[in-house]
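Peer 1: Predicted model and sequence below, questions to follow.
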Amino acid sequence: IAPALQIGSADSSPIEATVTDVEVSVHITATASGYHNKTAVEIVNADALLEEFTLNAGGENAEGKVVVNGISATNSDMVVKNSTITSETGLGFGFFGGMTEEEAKADTANYNTLTLENSSVSGYTFALAGNGTKHGTAVTIQNSTLTGTIGAGIYHPQVGTLTVGGADTKISGTSGIELRAGTLTVSGGEISATAAFETLPNEAGTDHADGSTIDGAAIAVSQHGYDPDIAVNITGGTLKGVKALYEADLQNEDVSNISVTVTGGTYEGDVESENVTGFISGGTFSGEVNTDYVASGSVIYSEEGSNIVGSEEDAVAAGAVAVVDNTAYTTLEAAIESATEADTIQLLQDVTIGTIIAENSFTLDLNTYEISGGLLYISGSTAADTGIVVSISNGSINAADYGILINNNAELNLSDVVIDSALYG
């Protein structure tokens, strides 16, 4: 069965085509049993503009399965505007590059481009997918809706780039986006996962030798078995799922070429990474943020029931007074209670205290700021061999009564500390 619409061919010179205000409906009924895989619209070696284009593809048979994919585009440059593409039984849109992996990795590589603007793509499997053997694609999603039913909204296993933006963009599926190779940039939109979280590693010689590997993650980063470079850069947007962002190499191979950078966005679900640390410098998170993921110079603080990662200046503006291990606190007492012997508490601004009872060892860097008002009581222990050690440096303490009270075998070390206006010191 030939495609309902075919533009270009593998054995012809590249052509340019414009399809405007056209509606195509394809429903294939097979009389023979077995598996039938067809494509409604095929585009090969062509530069194509689809505008105000509507495609509905479906199929059925009594003794087997008919898969009718929506669009298959190979080695083509495409722009799709104000269009609706639907496959009831297969892949909504397949976009396949014309390069090998090595060709696509070259600095001079000229990728095939696909731009989706103000359009809707839905598929029974994936809404949009590439192929791990057909590389060199540059896909841009702008203010469009992509929906996968039993698969991810976007499945990206090829060397290429995927750029997602626009406030009205909505991408959903069992995972929103599964990136297995290439570069993903997200600046806006809503990306969501509809399935429970599950990892499905590819295993050679099985029915799942390739294909998607993670369900339940808004953005799933899962390096393909051929160990391609992966780079993720998220500056905005909203990610929703059991896992809002999840990175793992389920093939257990080279992970040195995986990078993730998060500078913004809203994350409604867990954020987990198996191989990358220090990658979050901004964003709003519904759950706890692993301090190992926080970039140097950034801190976690709470505001309006959410955990936020930002600068120390942002944390101070939200009421934070001290930071411990990349986590900011709104009271010095809470910071001291959270600290361990190996931790350094750093003051972020002048602070007025009541009475703080310290029963643990810690280091306090006043950071040139002042503690005023009340009493820091270092209670220690009655057992000589379990006394606590507190070190304080680089600032001042201005108390109305005792500045610091030491008891029960506690040890106090002071360096560059001025204790002023204290009745007893």
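Peer 2: Noted; the coordinates are in hand. Given the structure is predicted, the values throughout are model-derived calculations rather than measurements. Numbers count the residues shown, from 1 in each chain.
Peer 1: ok, Glu313 - how many residues close by?
Peer 2: Using other C-beta atoms under 10 Å, Glu313 has 11 neighbouring residues. C-beta here means a position set from N, CA and C on the backbone, and glycine is covered the same way.
Peer 1: That one and Gln349, how far apart?
Peer 2: Distance of Glu313 to Gln349, given as C-beta to C-beta, to the nearest Å: 10 Å.
Peer 1: need the helices for the stretch 51-200 of the chain, in chain order.
Peer 2: Applying DSSP state H, counting those that start in this stretch to the stretch 51-200 of the chain gives helices spanning 101-105.
Peer 1: Show me where it dips below the pLDDT cut-off.
Peer 2: Flagging of the stretch 51-200 of the chain using pLDDT under 70 yields the residue ranges 61-64.
Peer 1: try 50
Peer 2: Counting by pLDDT under 50, the stretch 51-200 of the chain has no low-confidence residues at all.
Peer 1: May I ask you to confirm that His27 is in contact with Ala40?
Peer 2: No: proximity of His27 to Ala40 does not meet the contact threshold set by C-beta atoms under 8 Å, at 9.6 Å.
Peer 1: of those two, who's got more company?
Peer 2: Between His27 and Ala40, counted using other C-beta under 10 Å, Ala40 has the larger neighbour count: 27 against 14.
Peer 1: Just the element for the more buried one, please.
Peer 2: In this assignment (DSSP states H and E), Ala40 forms part of strand 34-44.
Peer 1: Just list whatever residues bridge to the closest residue to Ser415 other than its chain neighbours.
Peer 2: Of all residues not flanking Ser415 in the chain, Ser393 sits nearest, at 4.1 Å (C-beta to C-beta, 6 or more residues apart in numbering). Beta-bridge pairing of Ser393 under DSSP bridges involves Asp365, Ser415.
Peer 1: Please tell me how far Ser393 sits from Asp416.
Peer 2: From Ser393 to Asp416 the distance is 5 Å (C-beta to C-beta).
Peer 1: ok, how many other residues are close to Ala244?
Peer 2: 27.
Peer 1: what's the pLDDT at it?
Peer 2: You'll see Ala244 listed with a pLDDT of 98.
Peer 1: So it sits against Gly216, correct?
Peer 2: No: in this structure, Ala244 is not within contact of Gly216 by C-beta under 8 Å, at 10.3 Å.
Peer 1: circling back to that earlier point, who are the packing partners of the strand holding Ala40?
Peer 2: On a contact count with 3 or more C-beta pairs under 8 Å, 6 or more residues apart in numbering; DSSP states H and E, strand 34-44 meets strand 5-7, strand 15-30, strand 46-61, strand 64-74.
Peer 1: Name the residues of that strand that are buried.
Peer 2: 36, 38-44 (16 or more other C-beta atoms under 10 Å).
Peer 1: out of the residues you listed, who's nearest Ala152?
Peer 2: Proximity of those to Ala152 was ranked by C-beta to C-beta; the top entry is Thr39 with 19.8 Å.
Peer 1: my guess is Gly265 meets Asn233, correct?
Peer 2: No: at 10.6 Å, Gly265 does not count as touching Asn233 under the criterion of C-beta under 8 Å.
Peer 1: For the two, indicate the residue with more neighbours.
Peer 2: The residue with more neighbours, out of Gly265 and Asn233, is Gly265; 23 against 16, by other C-beta under 10 Å.
Peer 1: what about the more buried one, distance to Ala218?
Peer 2: As for Gly265, its distance to Ala218 is 10 Å (criterion: C-beta to C-beta).
Peer 1: got any residues that touch both of these two?
Peer 2: Common contacts of Gly265 and Ala218 (C-beta atoms under 8 Å, 6 or more residues apart in numbering): Leu239.
Peer 1: where along the stretch 301-425 of the chain do the helices fall?
Peer 2: 312-317, 332-338.
Peer 1: Would you point to the one among these that's packed deepest?
Peer 2: Most buried of the helices of the stretch 301-425 of the chain, by mean neighbour count (mean count of other C-beta atoms under 10 Å): helix 332-338, with a mean of 20.
Peer 1: Mind checking the pLDDT average for that helix?
Peer 2: 95.
Peer 1: helices and strands around it, which ones?
Peer 2: In terms of contacts (3+ C-beta pairs under 8 Å, 6+ apart), helix 332-338 is packed against strand 322-324, strand 327-329, strand 344-347, strand 355-358.
Peer 1: State the distance from Ile300 to Ala320.
Peer 2: Distance from Ile300 to Ala320, by C-beta to C-beta: 10 Å.
Peer 1: returning to what we had before: quick one: which of the helices of the stretch 301-425 of the chain is nearest Glu272?
Peer 2: Between Glu272 and the helices of the stretch 301-425 of the chain, the shortest gap by C-beta to C-beta is with helix 332-338, which sits at 22.3 Å.
Peer 1: thinking again about what came up before, mind checking the helices and strands packed on helix 332-338 for the one nearest to Pro3?
Peer 2: strand 327-329 (57.0 Å).
Peer 1: Quick one: residues in contact with that closest one.
Peer 2: With C-beta under 8 Å, 6+ apart as the contact definition, strand 327-329 has outside contacts at 291, 299-301, 312, 315, 318, 320-323, 335, 338, 348.
Peer 1: at 10 Å what do you get?
Peer 2: 288-289, 291, 294, 299-302, 307-310, 312, 314-316, 318-323, 334-339, 345-346, 348 (C-beta atoms under 10 Å, 6 or more residues apart in numbering).
Peer 1: Kindly tell me how buried the spatially closest residue to Ser273 that is not a sequence neighbour is, as a neighbour count.
Peer 2: The shortest distance from Ser273 to any non-neighbouring residue, by C-beta to C-beta, 6+ apart, is to Glu247 (4.2 Å). Glu247 is flanked by 26 other residues according to other C-beta under 10 Å.
Peer 1: Over to Val418?
Peer 2: 12.
Peer 1: Quickly note the distance from it to Ser393.
Peer 2: From Val418 to Ser393 the distance is 11 Å (C-beta to C-beta).
Peer 1: Tell me if I'm right that Glu312 and Val294 touch.
Peer 2: No: if you go by C-beta atoms under 10 Å, Glu312 and Val294 don't touch, sitting 11.8 Å apart.
Peer 1: Quick check: neighbours shared by the two?
Peer 2: In contact with both Glu312 and Val294: no residue, using C-beta under 10 Å, 6+ apart.
Peer 1: Pull the number of nearby residues for Ile191.
Peer 2: 30.
Peer 1: just Ile234 next, same as before
Peer 2: Neighbours of Ile234 using other C-beta under 10 Å come to 25.
Peer 1: what's the closest non-adjacent residue to Gln142?
Peer 2: Gln142 sits nearest to Gly166 (C-beta to C-beta, 6+ apart), 4.5 Å away.
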